[in-house]
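Novice: Make a model of this:
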Amino acid sequence: MAPNAARDGRRRRPRPPGTGTGPADRLVLVQWFELRDGGNPTALEQELLRYDRLLGEQDGLQVQVTLRLPARPGTYLHLGFWQSPEQLSDACCADAHRAQLDRLGRLAGVEAGRAVGAGLLGAVPDLAGAGHVVLARALRSGPADRFEMDFGTLVGKMLHGADRGGGLLLCSALEPRDYLGLIWWHSAGGRNDALCGGPMPDRRPRPAMVPARLRAEPAEVVAHRG
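Specialist: The predicted model follows:
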């Protein structure tokens, strides 16, 4: 996972969106949806699927994925990888997009942000057949390049065998210390080892591979396009 960082531990300026060669290098729209009290989770998922279809028709969207967070019932994450800020802005200003967000806003609280790719292992992000995802969040305290290299090393250790998928690291465009990572597999074994470990040969419990400084939780793919 190649780092995209200045060698300045105090402040990091993300790579301008649209300067890379693939979806991981593009501007990423990050949207959190949290079901309102008393809300209907089925209705929210239906509207999220409608949102996915709507965005899939827009120019400039390369890849998008919607994730459900089972440890936090009613919480969803949508990631959209865009070729340019202008195309993202055009899509967000469209009447149909605003109307769909209004429908979603009646069902859930919506929090939006933007990020840029900081590293990638595997296809970008090839989650279509990956039913087993770990979402990790971290607030970096040291140098950016060291953090990103450490994350890449960690993902490389996790992804092995026939069930391996990939890993993606995003850096907030507004708060350069704020990171969001995805790691995915095509079977449950890898994810289970990452989150809670497995038995060692002497039957002692193996510690989870994800360090405590990464706030990690399982995620499930609701929709994927790209």
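
Novice: Could you list the low-confidence segments of the protein?
Specialist: Along the chain, segments meeting pLDDT under 70 span 1-26, 122-130, 161-162, 194, 196-213.

Novice: Next, the buried residues of the longest strand along the chain.
Specialist: Looking across the chain with DSSP state E, the single longest strand is strand 108-121. By neighbour count on 16 or more other CB atoms under 10 Å, the buried set for strand 108-121 is A108, G113, R114, A115, V116, G117, A118, G119, L120, L121. Just so you know, the C-beta spots here come from the backbone N, C-alpha and C atoms, and that holds for glycine as well.

Novice: where do the helices sit along this structure?
Specialist: 41-56, 85-93, 95-107, 144-158, 188-196 (DSSP state H).

Novice: quick one, the second one and helix 95-107 angle?
Specialist: Translated: helix 85-93. Orientation check (axes from the mean of the first three to the mean of the last three CA atoms, to 10 degrees): helix 85-93 against helix 95-107 gives 60 degrees.

Novice: Could you do the last one as well?
Specialist: Here the directions of helix 188-196 and helix 95-107 differ by 60 degrees (the same axes, to 10 degrees).

Novice: what do you get for the fourth one?
Specialist: Orientation check (the same axes, to 10 degrees): helix 144-158 against helix 95-107 gives 80 degrees.

Novice: Distance from helix 144-158 to the middle of the chain?
Specialist: Distance of helix 144-158 from its chain centroid, counting by CA atoms, centre = their mean, to the nearest Å, is 16 Å.

Novice: Turn the helices of the chain into JSON lines, including mean neighbour count and distance to W32.
Specialist: Output for the helices of the chain, formatted as JSON lines (neighbours: other CB atoms under 10 Å; distance: least, CB to CB, whole Å):
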{"stretch": "helix 41-56", "mean neighbour count": "16", "distance to W32": "12"}
{"stretch": "helix 85-93", "mean neighbour count": "16", "distance to W32": "16"}
{"stretch": "helix 95-107", "mean neighbour count": "14", "distance to W32": "11"}
{"stretch": "helix 144-158", "mean neighbour count": "19", "distance to W32": "21"}
{"stretch": "helix 188-196", "mean neighbour count": "17", "distance to W32": "21"}
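
Novice: and these as a markdown table, adding distance to R137?
Specialist: Shown next, in a markdown table, are these (distance: least, CB to CB, whole Å):
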| stretch | distance to R137 |
| --- | --- |
| helix 41-56 | 20 |
| helix 85-93 | 22 |
| helix 95-107 | 22 |
| helix 144-158 | 12 |
| helix 188-196 | 14 |
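
Novice: Out of those, flag the one nearest L168.
Specialist: Closest approach to L168 among those (CB to CB): helix 144-158, 8.8 Å.
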